[in-house]
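> pasting the structure only:
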């Protein structure tokens, strides 16, 4: 049995993405050191996994109990992970070309205590990614950052 998850705070969030063809799975969560981790399970019939810290330097640290959202396409060759940083920014981390890249864009400022965060993707001719959160500038609505060749925010 592994010792991964924190027990000294309540509300640990997680997000998962899976390959439609191989069954490989990636789970993203905040570990007991408050960093965002990826648990990679390559064989869907096994419990053997690899673990990687995504938010060690230079990525901004996640706030304690951050919500996490993730999307993927092209059989896990493209992955995007979203979380709220310690200074309440909605942050993107991206995987492309076989590597985790530098920190992606900040999509907006979230309400300091909000646990609301979601992501979805539709891939036709190109990916359209939607990331929703409770913005500090319009806290009684949903703010959605939409990637469709570039990021644009809208209030729903």
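Cool, got the structure. What you see is a predicted model, and the numbers here were worked out from it, not measured in a lab.

> mind listing what the residue nearest the centre of the chain touches?
Among the residues of the chain, the one closest to the centroid is residue 81, at 2.5 Å (C-alpha atoms, centre = their mean). Going by C-beta atoms under 8 Å, 6 or more residues apart in numbering, residue 81 touches 15, 28, 36, 38, 54, 68, 69, 70, 92, 93, 94, 95. Every C-beta, even on glycine, is put in place using the N, C-alpha and C of the backbone.

> Need the worst-confidence member of the residues you listed.
Note: of those, the lowest pLDDT belongs to residue 54, at 86.

> With adjacent residues omitted, what lies nearest to that one?
In space, and not counting its chain neighbours, residue 54 is closest to residue 36: 4.7 Å by C-beta to C-beta, 6 or more residues apart in numbering.

> Just give me the neighbour total for the one you found.
When neighbours are counted by other C-beta atoms under 10 Å, residue 36 registers 26.

> and what of residue 156?
By other C-beta under 10 Å, 8 other residues sit near residue 156.

> Out of the contacts of residue 81, the closest to residue 152 would be?
residue 92 (14.3 Å; C-beta to C-beta).

> Residue 85 is in contact with that closest one, correct?
No. The criterion here is C-beta atoms under 8 Å, and residue 92 misses it with residue 85 at 10.8 Å.

> for the residue nearest to residue 89 when sequence neighbours are not counted, what are its contacts?
Spatial nearest neighbour of residue 89, chain neighbours left out: residue 106 (4.6 Å); criterion: C-beta to C-beta, 6+ apart. Residues near residue 106 by C-beta under 8 Å, 6+ apart: 89, 90, 91, 92.
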